[in-house]
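Peer 1: Predicted coordinates and the sequence they were generated for:
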Amino acid sequence: MPQLERLWNEFKDKGLHIFHVESQGTSEDDLKKFCRAKGMTFPQVMGQGSFSGYEGGSGIPYAFVIGADGKVIWQGREGYHAVITEEMAKVRFPGLGKGSVAKGLEKAAATFAQKNYGKAMADAQKKLEAEKGKSSADAAVVADAEHIIARATAVGERLQKKAENAKAEREYAIAMATYKILEDGFKGQPFGDNAATALDAMKADKEISKEVKALQQLDAMLAQLEKAAADEKKKNLKAFAEKFKGLKAAEKADQMAANL
């Protein structure tokens, strides 16, 4: 477990995805408690109880490493750390889904990898228009430029949906943080402009401000109670829920108390 967490922290911003699959029938609440206790922050997946349908995948723990090309390059019980480290060294442009691009698009690809998606889109669009303006367009340049634009667009759509869903669920801190990522990453593009407008509106909303401050207070309280006994945590969480009744933070506190 600690090794997986170290890998996640080292490579999560460079394109690594970790899916830790529960396969022993543990309840979702118990899995959450286990993950919190172990300090595991990478994605957890509720499994179907067995991996026996995968060749060599019976028994636990068992790992599959999928390479940058989307194919399983390794499977087993030990040694995945070295395999992942080696594979990550091949990733030049995290998130782009390509190890190389046509000549003239390296800058756009590198900008994409730096999460400056708006600039990457603009550079790729400029190259695409120039190429299509030629009597004989280079198919590789056209394809890779369109790929960069499509990938950046997909990132924008994913972040926008995440922000909207978080807002609908009153997870305002998450929504605001996501809109900020959109604003910074898509400057000069509709995604960025729309996010900036949405963020300004949320900052001006007094009810949202109240919700955000309550969640911040909950986080601060939980940090103070990290080593406290379960009974003490439950008592404080219930008192917090009563004080902030009607707010999202109170709902969270109630749920946490119920899980203790």
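Peer 2: Happy to help now that I have it.
Peer 1: which other helices and strands contact the strand or helix carrying residue 131?
Peer 2: Residue 131 belongs to helix 117-132 when assigned by DSSP states H and E. When contacts are defined as 3 or more Cβ pairs under 8 Å, 6 or more residues apart in numbering; DSSP states H and E, helix 117-132 sits against helix 106-113, helix 139-168, helix 190-204. (Each C-beta comes from the backbone N, C-alpha and C, glycine too.)
Peer 1: Would you mark the buried spots in that helix?
Peer 2: Buried residues in helix 117-132, defined by neighbour count with 16 or more other Cβ atoms under 10 Å: 117-125, 127-128, 131.
Peer 1: could you dump the residues you listed to JSON lines with distance to residue 24?
Peer 2: Below are the buried residues of helix 117-132 laid out as JSON lines (distance: Cβ to Cβ, whole Å):
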{"residue": "117", "distance to residue 24": "40"}
{"residue": "118", "distance to residue 24": "45"}
{"residue": "119", "distance to residue 24": "46"}
{"residue": "120", "distance to residue 24": "43"}
{"residue": "121", "distance to residue 24": "45"}
{"residue": "122", "distance to residue 24": "49"}
{"residue": "123", "distance to residue 24": "48"}
{"residue": "124", "distance to residue 24": "46"}
{"residue": "125", "distance to residue 24": "49"}
{"residue": "127", "distance to residue 24": "51"}
{"residue": "128", "distance to residue 24": "50"}
{"residue": "131", "distance to residue 24": "54"}
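Peer 1: before we move on, back to that, and among the helices and strands packed on helix 117-132, the most buried is which?
Peer 2: Ranked by mean neighbour count under mean count of other Cβ atoms under 10 Å, those are led by helix 106-113, which reaches a mean of 20.
Peer 1: what about that helix, average pLDDT?
Peer 2: Mean per-residue pLDDT for helix 106-113: 95.
Peer 1: I'm done for today, thanks for sticking with me.
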